[in-house]
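pasting the structure only:
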């Protein structure tokens, strides 16, 4: 039985046999504890996470968290504004890569 607060992830399922402890920490600590804390709402937590992933150039994780941010009530306009803002603080290449990921996620959702 899966826990409804832990988002499903084909990427995580793919590596589960290879790094079972890492997946267990991801599901138990990151999603089971960190994302459930009440000091920040999930919407704000999503904004912070997307900003961190854009700023540190982590496009492989960004797509999942952009989708989660949209599910948590962050608008596509807010995500676009966040990425544009980060261009001046995290660098143009990181922001352009983030823009590519955002566009791909939005196009998949619209399809």
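Noted; the coordinates are in hand. Small disclaimer: the values here were computed from a predicted structure and weren't measured. Numbers count the residues shown, from 1 in each chain.

where does the protein dip in pLDDT?
By pLDDT under 70, the weakly predicted segments of the chain are 1-2.

what's the residue closest to the geometric middle of it?
By CA atoms, centre = their mean, the chain has its centre lying nearest to residue 65, at 1.5 Å.

hang on, isn't that one packed against residue 49?
Yes. Under the criterion of CB atoms under 8 Å, residue 65 makes contact with residue 49 at 5.1 Å. Where C-beta positions appear, they are placed from N, C-alpha and C, glycine not excepted.

tell me what the host helix or strand of residue 101 is packed against?
Per DSSP states H and E: residue 101 is located in helix 92-110. Here helix 92-110 touches helix 42-55, helix 59-71, helix 76-90, going by 3 or more CB pairs under 8 Å, 6 or more residues apart in numbering; DSSP states H and E.

contacts for it, please.
The contact list for helix 92-110 (CB atoms under 8 Å, 6 or more residues apart in numbering) reads 50, 53-57, 59, 62-63, 66-67, 70, 76, 79-80, 83-84, 86-87.

among the helices and strands packed on helix 92-110, which comes closest to residue 6?
When the helices and strands packed on helix 92-110 are compared by CB to CB, helix 59-71 sits nearest residue 6, at 11.5 Å.
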